[in-house]
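> starting from these lines, generate the structure:
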Amino acid sequence: MTRRAGFWMVALGLAVSAAAVQAAPLRYVSQRVDRAYMREGPSYNHRVMWIYRHRGYPFAVLAQFDIWRRVQAADGTVGWMSAQMLSDQRTVLIKGRDRVALHADPDQGSRLVAYAMPGATAKLEACSLRACRVSAPGLKGWADKSRLWGVGFNEVFK
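This is a model prediction of the structure:
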């Protein structure tokens, strides 16, 4: 292997490692305010890239710097938000193109209680290996975890 090829192999390895680190969120948070500003960098001097106008929208925290959080939205958009705009309250986003069945119990064969539409947000209350209990005004139920954005694949809690 030439020296130049060795350099590019190391550079490629570092890039893959950086991508793998970025893919694993530190934690999930939600939008605390009606208008949250996603910026290019961790200061008020950086340009605003997006304005999120949905209180309760979930974000994955990828990094922290002072009062700033590097977050990722469900669509993959990454930027920086002030911690004041975020809450530790867990929410999820219903993903996919079809509505999601909400059941009375984690077992998908249990009684159907409601349907959730794609793009809807809900409060996250508990998770088993395959399903999570979510709630929104007027309804509660268990949804298939694969249809939720804002919760880890192996995350289990009550």
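> care to break this structure down by domain?
Listed by automatic domain parsing, the domain ranges of the chain are 24-89, 92-149.
> shaky segments in the chain?
Under the criterion pLDDT under 70, the flagged ranges of the chain are 1-23.
> so where do the strands sit in the protein?
27-31, 36-39, 48-52, 58-65, 68-72, 78-82, 86-87, 91-94, 100-103, 112-116, 121-127, 131-136, 139-144, 148-149 (DSSP state E).
> for the domains of the chain, which one sits closest to K158?
Nearest of the domains of the chain to K158, taken as CB to CB: domain 92-149 at 4.9 Å. C-betas here are computed from N, CA, C, even on glycine.
> tell me how far the closest one is from the chain's mean position?
15 Å (CA atoms, centre = their mean, to the nearest Å).
> likewise for stretch 145-154?
Distance of stretch 145-154 from its chain centroid, counting by CA atoms, centre = their mean, is 9 Å.
> now do stretch 39-55
With CA atoms, centre = their mean, you get 17 Å for stretch 39-55.
> which of the strands of the chain has the highest mean neighbour count?
strand 91-94 (a mean of 24; mean count of other CB atoms under 10 Å).
> so what touches that strand?
30, 56-58, 74, 100, 116-124, 132, 134, 143, 147-151 (CB atoms under 8 Å, 6 or more residues apart in numbering).
> list the contacts for S110?
H103, A104, W142.
> got it, and F157?
A126, C127.
> what's the answer for C132, then?
V92, L124, E125, A126, W142, A143, K145, L148, V151.
> burial of the last one, as a residue count?
Think V151. Counted with other CB atoms under 10 Å, the neighbours of V151 add up to 21.
> test my guess that it contacts L124.
Yes. With contacts counted by CB atoms under 8 Å, V151 reaches L124, the gap being 6.2 Å.
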